[in-house]
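[1] Quick check, what structure comes out for this input:
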Amino acid sequence: MQKDLGSTQYRAYVMCILVLVYTFNFIDRQIIGILAVPIKADLSLTDTQLGLMGGLAFALFYTVLGIPIAMLADRKNRTWIITIALTVWSAMTAVCGLAQNFWQIFLARLGVGVGEAGGVAPAYSLISDYFPSHQRARAFSVYSFGIPIGSALGIVFGGIIASKIDWRFAFFVVGFAGVLIAPLFKMTVMEPVRGQFDSNRAKASPASLREIVGKLAHKPSFWLISLGASCSSMMGYGLFFWLPSFFVRSYGLSLLDASLFFGTIILIGGLSGTWIGGSLADRFGADRRAYVIIPAVAFIAIVPLYILALLSPNLTVVFFAMLIPNALGLAWLGPVLSAIQHVVPPSMRATASAIFLFINNLIGIGVGTAALGYISDSLQDRYGDDSLRYAILAGTSFYVLAAILFFLSSRWLRQDWED
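    Modelled structure (predicted):
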């Protein structure tokens, strides 16, 4: 069917189905957090093993394969790449339900990472070619709704299925559902013209990896933003994985109650914070520094609120004290993802995004989740079931480091911006 790619209605549809795919991306990525409780009991795992399974196993191939797949996306049809990626990661999520020991589920999570390596950077590039520059921060914020929606659904759905049926069945259901979405995406999302909204639209052959890295080497803001986002992601991914277990261990919630409690926090806080961050960036983006200063201020405000939440014995206080920092913790997505698209020409966007994701996810997912698990195991003898509480408290210092790096990047972002 012939479609008007420039129409408002069709662009809205494309955004909706991209959000749907990204939602499944995060359901499959984060469902392991709530299922960690029954998996640990069933497979007799330690917190360190859980951290490796939830973080490093996923991040290993997700980060390494992201760059070559993104280079392919800068040259070939991006909708085909996303379709294949969605099919692979969904199928491997279903395979997780067959695991009988640590290494089997570790390898299955590697497979999920292989598939998801092709899902995000090509989508970033597509969005930049469907929306003009002054709308992109909000567009990336809407796309990033998939993070809180997918994380909340993964936690709530996983908690309900694991409580009522079995943790393995939860993997089967979400995995097969993703496979069914893949053909719908391919049949209805068209490939747009690259750089159609940009004055520096590239007409030459796509750049090599060496040329792209050489270009980025002269963009200090790119590297400072990438490291700052990595520091925040260490806590972001770590909290998504470990907070359900924290609520079960430290507050005595059932698996189902913990999933509903935390899922609500993620959904309400995540959606509001993601939208506010993108809206503020588009509003004040005439000064390019706003794209990093807004997230930096948000990170500074997070720390005292998390300290209040983690040390409070009252669950009502915990709910509201976590709601605000959860929102602030995702406010960086729209501004930063938009800024990353603008420090390179259109023909380099997918690959530059993949390099950003490589740094962000290798440190954020690969180190953050496992580090909190290791700290928790180290504190087990002293604090018992409360060891996770103090491991998370120690980790909030990474938000301060993220804020510092973002403030530093503001010195160069205006000159690095490709207008």
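[2] I figured residue 281 was touching residue 332, is that so?
    No - look at residue 281 against residue 332 with C-beta atoms under 8 Å: they stay out of range, at 9.5 Å. (Glycine included, C-beta is placed from N, CA and C.)
[3] Which neighbours do the two have in common?
    When C-beta atoms under 8 Å, 6 or more residues apart in numbering defines a contact, the residues bordering residue 281 and residue 332 alike are residue 294.
[4] and residue 207, helix, strand or coil?
    Classification of residue 207 into helix, strand or coil gives coil, according to DSSP: H, G, I helix; E, B strand; the rest coil.
[5] Show the contacting residues for the spatially closest residue to it that is not a sequence neighbour.
    Closest residue to residue 207 apart from its sequence neighbours, by C-beta to C-beta, 6 or more residues apart in numbering: residue 348 at 5.4 Å. Contact partners of residue 348, counting by C-beta under 8 Å, 6+ apart, are 74, 202, 206-207, 212, 215.
[6] Check the gap between the nearest residue to residue 55 once chain neighbours are set aside and residue 183 for me.
    Leaving out its chain neighbours, the residue that sits closest to residue 55 by C-beta to C-beta, 6+ apart is residue 369, at 3.1 Å. As judged by C-beta to C-beta, to the nearest Å, residue 369 and residue 183 stand 32 Å apart.
[7] Between these two, which has more neighbouring residues?
    residue 369 (30 against 12; other C-beta atoms under 10 Å).
[8] Count the residues that sit near residue 147.
    Neighbours of residue 147 under the rule other C-beta under 10 Å: 24.
[9] surely it meets residue 274?
    Yes - the criterion here is C-beta under 8 Å, and residue 147 meets it with residue 274 at 7.1 Å.
[10] Mutual contacts of these two, please.
    With C-beta under 8 Å, 6+ apart as the test, residue 147 and residue 274 both reach 330, 333.
[11] give the contact list for the residue nearest to residue 55.
    Contacts of residue 369 (C-beta under 8 Å, 6+ apart): 51, 54-56, 237-238, 241-242.
[12] how does it look with 10 Å?
    Going by C-beta atoms under 10 Å, 6 or more residues apart in numbering, residue 369 touches 32-33, 36, 50-59, 234, 237-242.
[13] From the residues you listed, which land in helices?
    Secondary structure from DSSP state H places 32-33, 36, 50-51, 57-59, 234, 237-242 of the contacts of residue 369 in helices.
[14] Show me the shaky parts of the stretch 1-150 of the chain.
    For the stretch 1-150 of the chain, applying pLDDT under 70 flags the ranges 1-6, 54.
[15] Quickly note the distance from the residue nearest the centre of the chain to residue 140.
    Centroid check for the chain by C-alpha atoms, centre = their mean gives residue 147 as the closest residue, at 5.9 Å. For residue 147, the distance to residue 140 equals 11 Å [C-beta to C-beta].
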